[in-house]
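In: mind looking at a prediction? Sequence and model below.
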Amino acid sequence: MIRQSVGILNWSIPWVIHKMPLFRIRRPTSTSRPAANPASQATLRELASRFNPYQLQVINFFIDHGEESLAQEAITHTGLPAGWVASRSAQVALYFKDQSSKSEGYFKVALDLRNIGDSVKGGKAAADNLSQHDWLWTSRSYGMWLNLTPARSAESRRYITGLIERRPHDLEPQLQLAEYYLNAKQNKRAAEHIALSEELSANNARVIAVKGSIQYADGKINDAVATWNSSRLAKAPSKAIWNSTSM
């Protein structure tokens, strides 16, 4: 059995970096995939379909090579609790921007999103296996997944602020959401979260950098340059300026 304390999940998407137990999610190493070799594909499917001591490395390998279905299959054979499996399957679906109903099912199982009737008839919820931290991370991921569909943008707000509810006075969740909305080209919402970030830490170089990036995205070029060249930022330059404006 794999211990839950082993390894990390490092979600290296531009708008969020976070850690969760057990495996890393990285960008695929290449956007182009070689022609499938039937024998090799059969071997990979067999590898994904059963547990082995290197299961987490196997999952990382599939994610690195853009093999979403094989990664999902390997996750189901980790031998870990249903809540863990559902939450990680959901996050992999978000990573690959898989907007299928099956992907939403992962989120609903992990978060125990059932109506009253189903809750009464059903047994123990898979969400009972999740820590509060994992549940809130999954809730935020669900909000981001919903936000992939413009028509569900309003619904996404119910879930996307999960970590803020847990840590209302923590700068990092506010900043991450500001960056997320900036990269989603939802500048108004990005500005709302950067304003809250300023209240928590007005002199923070990253806050100033992201604020300037939002102004730049809004076409307020002079304001953006003034923000980035402010004396506070000059004393503590932030690489985030270039990361944000180069997207």
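Out: Perfect, thanks for sending it. Being a predicted model, the structure only gives us computed values, none of them experimental. Numbers count the residues shown, from 1 in each chain.
In: SS state for G212?
Out: helix (DSSP: H, G, I helix; E, B strand; the rest coil).
In: apart from its chain neighbours, what residue comes closest to it?
Out: Once flanking residues are discounted, G212 sits nearest to T227: 3.7 Å by C-beta to C-beta, 6 or more residues apart in numbering. Quick note: C-beta positions are derived from backbone N, CA and C, even for glycine.
In: same check on D98?
Out: Leaving aside its chain neighbours, D98 sits nearest to E68 (6.4 Å; criterion: C-beta to C-beta, 6+ apart).
In: repeat for R166
Out: If the residues on either side of it in the chain are set aside, R166 comes closest to L136, at 5.1 Å by C-beta to C-beta, 6+ apart.
In: might one say that the one you found is in contact with D170?
Out: No. The pair L136 and D170 does not pass the contact test of C-beta atoms under 8 Å, sitting 11.8 Å apart.
In: in the protein, which spans are strands?
Out: Counting by DSSP state E, the chain has strands at residues 8-10, 19-21.
In: which stretch in the ones you listed has the least confidence?
Out: Lowest mean pLDDT within those: strand 8-10, a mean of 34.
In: so what's I221 closest to, chain neighbours aside?
Out: Closest to I221 by C-beta to C-beta, 6+ apart is Q215, at 8.0 Å.
In: show the contacting residues for the one you found.
Out: Contact partners of Q215, counting by C-beta atoms under 8 Å, 6 or more residues apart in numbering, are I221, D223, A224, T227.
In: residue nearest the middle of this structure, spatially speaking?
Out: In the chain, the residue lying closest to the centroid (C-alpha atoms, centre = their mean) is S141, at 5.1 Å.
In: so who does that residue touch?
Out: A90, Q91, L94, F107 are the contacts of S141 under C-beta under 8 Å, 6+ apart.
In: grab the nearest non-local neighbour of Y216.
Out: That would be A224: by C-beta to C-beta, 6+ apart, it lies 3.9 Å from Y216.
In: pLDDT value on the one you found, please?
Out: A224 is assigned 94 on the pLDDT scale.
In: burial count for it?
Out: The number of residues packed near A224 is 20, by other C-beta atoms under 10 Å.
In: distance of it from D218?
Out: 8 Å (C-beta to C-beta, to the nearest Å).
In: and the gap between R140 and S197?
Out: From R140 to S197 the distance is 16 Å (C-beta to C-beta).
In: ok, the residue nearest to R166 - contacts?
Out: G162, L163, E165, R166.
In: and the third one, what does it touch?
Out: For E165, the residues meeting the contact criterion (C-beta under 8 Å, 6+ apart) are L136.
In: ok, it to L136 distance?
Out: The value you get for E165 to L136, if C-beta to C-beta is used, is 7 Å.
In: same check, this time on P168
Out: Here the distance between P168 and L136 works out to 12 Å (C-beta to C-beta).
In: equivalent analysis for S213, please.
Out: Counting by C-beta to C-beta - S213 and L136 are separated by 26 Å.
In: likewise Q57?
Out: Distance of Q57 to L136, computed by C-beta to C-beta: 27 Å.
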